[in-house]
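K.L.:
coordinates for the following, if possible.
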Amino acid sequence: QVQFVESGGGLVQPGGSLRLSCAASGFPFRRYLIKWYRQTTGKEREWVASITSDGGVRNYPDSVKGRFTVSRDNDKNMLYLQMDSLKLEDTAIYYCNAPLTGTLLLASWGQGTQVTVSP
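P.N.:
Now for the predicted structure:
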């Protein structure tokens, strides 16, 4: 069973940092590009980081570029998201998944991990 389990969220003040983790299982993790996504109530889910299968190429939307860093450990089937200089608008539930073609994803969405940025 293909599965992603996210963890590491919490409550943090603006300007603070958090490190999210994503444990993957049930598929050859090292062969897939993986993305971090986030969703806020009432808004569509958006991607916030992507990393190629070997970790060689990382991309971010402008909204988080320079503040978020994605990494992976292919030996441990783990994905990470280091989030620095957090802003109020970063508050969301964060998910990881492997995009395929179009809108198709490798797995169903996991439970995600809640990140709340608040004074």
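K.L.:
leaving out sequence neighbours, find the closest residue to the spatially most central residue of the chain.
P.N.:
For the chain, the residue nearest the mean C-alpha position is residue 36 (2.5 Å; CA atoms, centre = their mean). Of all residues not flanking residue 36 in the chain, residue 49 sits nearest, at 4.3 Å (CB to CB, 6 or more residues apart in numbering). In short, each C-beta sits where N, CA and C put it, glycine included.
K.L.:
got a list of what that neighbour touches?
P.N.:
35, 36, 58, 59, 60, 64, 68, 69, 70, 81 (CB atoms under 8 Å, 6 or more residues apart in numbering).
K.L.:
and residue 98, by the same measure?
P.N.:
Taking CB under 8 Å, 6+ apart as the test, what residue 98 contacts is 27, 32, 33, 34, 35, 105, 106, 107.
K.L.:
now, which of these lie within strands?
P.N.:
Under the assignment DSSP state E, the contacts of residue 98 contribute 34, 35 to strands.
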